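A.B. asks: just the structure for this:
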Amino acid sequence: MEMASYLVAAVVVEGLSVRKVAKEHGVSKTWLYELVARYEAEGEAGLVPRSKRPHHSPTKVADRFENEIVRLRKELTEEGFDAGAETIRMHLRQAHRRAKLPSVSTIWRVLKARGFVVPEPHKRPRSSYARFEADLPNECWQMDVTHVRLANGREVEILNVIDDHSRLCVSSVALFVFKAIDVVHTFYKAAGTWGLPAAVLSDNGAIFTAASRHGVCVMESELLSLGITYKHSRPSHPQTCGKVERFHQTMKKYLAAHKAARSIGALQALLDAFVAYYNTRRPHRAIGRKTPEHAFGARQKARPSGHPLVVPPHCRVRQDKVNGGNVTLRYKSDLLHIGVGRRHNGRSVLLLVKNRNVRILTLDGDLLRELTIDPTRNYQPQGC
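C.D. replies: Got it, this is the predicted structure:
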């Protein structure tokens with residue numbers, strides 16, 4: 001302010017020209033003309049330094065967008081959906097198709113200014129991870145089971161199946177307990193909607209593989225018959241199935257934002273609503289902020305590349321003791337009761353099983369019963 005007073009005094013009091021004073025002191029003559037005009041209009045108060053902030057900014061976010069950004073952040077968070085700047089901008093674009101929208105960085109600054117963004121410690125850079133991604137939709141499906149609880153505390157299993165390339169959720173099904181045959185039913189239902197994949201990747205759970213039991217489970221035999229490659233992750237290495245594991249987290253975040261379901265039907269309704277939003281509306285960071293459904297439909301689909309094989313007969317021998325006139329046999333994860341007659345109670349028997357054909361013999365080799373299993377019935381009565 002002292003410099004301003006000196007220059008103004010030289011012009012006003014001494015009568016020197018503005019050009020001469022400005023040249024001698026290395027200042028802008030335009031600025032000095034403005035300074036003299038302010039002094040003549042306001043006196044000494046006119047020499048106080050003014051803010052250089054512009055009176056208006058064409059790039060400033062309009063109030064309506066700022067308020068809408070905050071509203072979308074709250075709504076998406078309350079629903080348990082992703083509420084990042086990219087997602088918010090996508091929703092703004094859907095609502096204002098012809099308007100000039102704020103950039104992602106501007107939306108982020110609005111969220112930070114309003115206190116929605118909390119500084120976090122630096123994470124491991126994404127470039128340090130060795131990532132794999134299928135080149136085509138249906139080239140590989142990842143499947144895995146996770147657990148949630150109903151309002152009454154009862155645990156429920158959820159089988160999620162994800163397309164490796166597009167991150168599309170092809171199936172999300174809740175059951176109290178998943179059996180191997182349930183996995184097959186879920187797989188075929190998803191394949192009926194999205195097509196058969198070329199490969200399937202899962203962990204080593206008992207419903208996915210019988211390798212630890214030195215056998216072949218129903219899922220393995222079904223995929224083998226379709227010419228579909230079946231792969232399993234290394235034991236204790238969930239990163240191999242990282243995409244479906246990450247989907248579990250996104251799904252559970254959504255479920256946590258809602259009241260716990262009172263029934264398995266209510267839980268399935270929540271899952272269906274989440275999958276519909278996730279597949280069709282939520283931009284996914286890993287696929288260039290496209291929706292999974294868009295990414296799935298953008299390329300030609302992969303198909304099973306292996307030759308369908310005739311699955312060899314599944315032969316086994318089981319020893320049992322007749323109890324209540326029945327013996328038990330597990331067929332495709334279902335426990336069946338086979339009637340042989342109460343007169344044989346307490347007798348030890350052998351069951352010779354070849355697929356659905358069963359022969360029941362005494363330890364001396366006498367045939368007690370021969371039958372073909374009816375998989376629709378848990379009890380196989382005599383005479384059938």
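
A.B. asks: got phi/psi on residue 347?
C.D. replies: Residue 347 adopts backbone torsions of phi -80, psi 140, taken as degrees, to the nearest 10.

A.B. asks: how about residue 44?
C.D. replies: For residue 44, the backbone dihedrals (degrees, to the nearest 10) come out as phi -60, psi -30.

A.B. asks: okay, now it: neighbour count?
C.D. replies: By other CB atoms under 10 Å, the residues close to residue 44 number 11. For every residue, glycine as well, the C-beta is placed using N, CA and C.

A.B. asks: for it, which non-adjacent residue is closest in space?
C.D. replies: Spatial nearest neighbour of residue 44, excluding adjacent residues (CB to CB, 6 or more residues apart in numbering): residue 5 at 7.7 Å.

A.B. asks: helices or strands next to the helix or strand hosting the one you found in the packing?
C.D. replies: Element membership of residue 5 [criterion: DSSP states H and E] is helix 2-12. When contacts are defined as 3 or more CB pairs under 8 Å, 6 or more residues apart in numbering; DSSP states H and E, helix 2-12 sits against helix 18-25, helix 29-42.

A.B. asks: now the longest one: buried residues?
C.D. replies: Meaning helix 29-42. 32, 35-36, 38-39 (16 or more other CB atoms under 10 Å).

A.B. asks: same check on stretch 69-86?
C.D. replies: The neighbour-count check on stretch 69-86 (16+ other CB under 10 Å) flags 69-70, 72-73, 76, 80-85 as buried.

A.B. asks: which residues does that stretch contact?
C.D. replies: 61, 87-88, 91-92, 102, 104-105, 107-108, 110-111, 114, 116, 250, 253-258, 274, 277, 282-283, 285, 289 (CB atoms under 8 Å, 6 or more residues apart in numbering).

A.B. asks: and what of stretch 347-355?
C.D. replies: In this structure, residues lying in contact with stretch 347-355 by CB under 8 Å, 6+ apart are 313-322, 327, 329, 340, 358-363, 368.

A.B. asks: just the ones of these in strands?
C.D. replies: The strands, defined by DSSP state E, take in 315-321, 327, 329, 358-362, 368 from those.

A.B. asks: of the residues you listed, grab the buried ones for ChimeraX.
C.D. replies: This is how ChimeraX selects the buried members of the ones in strands among the contacts of stretch 347-355, with burial counted by 16+ other CB under 10 Å:
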select :320,327,329,358,360,368
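
A.B. asks: farthest pair within the ones in strands among the contacts of stretch 347-355?
C.D. replies: Spanning the widest gap among the ones in strands among the contacts of stretch 347-355 are 315 and 321, at 21.8 Å by CB to CB.

A.B. asks: I'd like the average pLDDT over stretch 25-35.
C.D. replies: Stretch 25-35 comes out with an average pLDDT of 85.

A.B. asks: what's the answer for stretch 335-344, then?
C.D. replies: Rounded mean pLDDT across stretch 335-344 is 92.

A.B. asks: and that stretch, what's buried?
C.D. replies: The neighbour-count check on stretch 335-344 (16+ other CB under 10 Å) flags 336-340, 344 as buried.

A.B. asks: hmm, back to that, export the helices and strands packed on helix 2-12 to JSON lines and tack on distance to residue 225?
C.D. replies: Formatted as JSON lines, these follow (distance: least, CB to CB, whole Å):
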{"stretch": "helix 18-25", "distance to residue 225": "92"}
{"stretch": "helix 29-42", "distance to residue 225": "86"}
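
A.B. asks: ok, residues contacting the helix or strand hosting residue 146?
C.D. replies: If you go by DSSP H and E, residue 146 is part of strand 141-149. Contact partners of strand 141-149, identified using CB under 8 Å, 6+ apart, comprise 155-164, 170, 174, 178, 183, 187, 190, 197, 199-203, 205, 207-208, 241, 243-245, 248, 251-252, 255, 260, 267.

A.B. asks: of those residues, which belong to helices?
C.D. replies: 183, 187, 190, 243-245, 248, 251-252, 255, 267 (DSSP state H).

A.B. asks: picking up where we left off before, just the buried residues of the contacts of stretch 69-86.
C.D. replies: 61, 87-88, 91-92, 102, 104, 107-108, 110-111, 250, 254-255, 274, 277, 282-283.

A.B. asks: surely residue 295 is in contact with residue 137?
C.D. replies: Yes: between residue 295 and residue 137 a contact is recorded at 7.5 Å, counting by CB atoms under 8 Å.

A.B. asks: more neighbours: which of those two?
C.D. replies: Neighbours per residue, other CB under 10 Å: of residue 295 and residue 137, the larger number sits with residue 137, 25 against 19.

A.B. asks: is it true that that one touches residue 293?
C.D. replies: No: in this structure residue 137 lies outside contact range of residue 293 using CB under 8 Å: 10.2 Å.

A.B. asks: please work out the average pLDDT along stretch 183-197.
C.D. replies: 92.

A.B. asks: flag every buried residue along that stretch.
C.D. replies: 183-184, 186-187, 190-191, 194, 196-197.

A.B. asks: pLDDT weak spots in the protein?
C.D. replies: Applying pLDDT under 70 to the chain picks out residues 1, 54-64, 119-131, 213-216, 307-315, 333, 384.

A.B. asks: now for the closest residue to residue 208 other than its chain neighbours, how many residues are close by?
C.D. replies: Nearest residue to residue 208, sequence neighbours excluded (CB to CB, 6+ apart): residue 202, at 4.2 Å. Residue 202: 24 surrounding residues under other CB under 10 Å.
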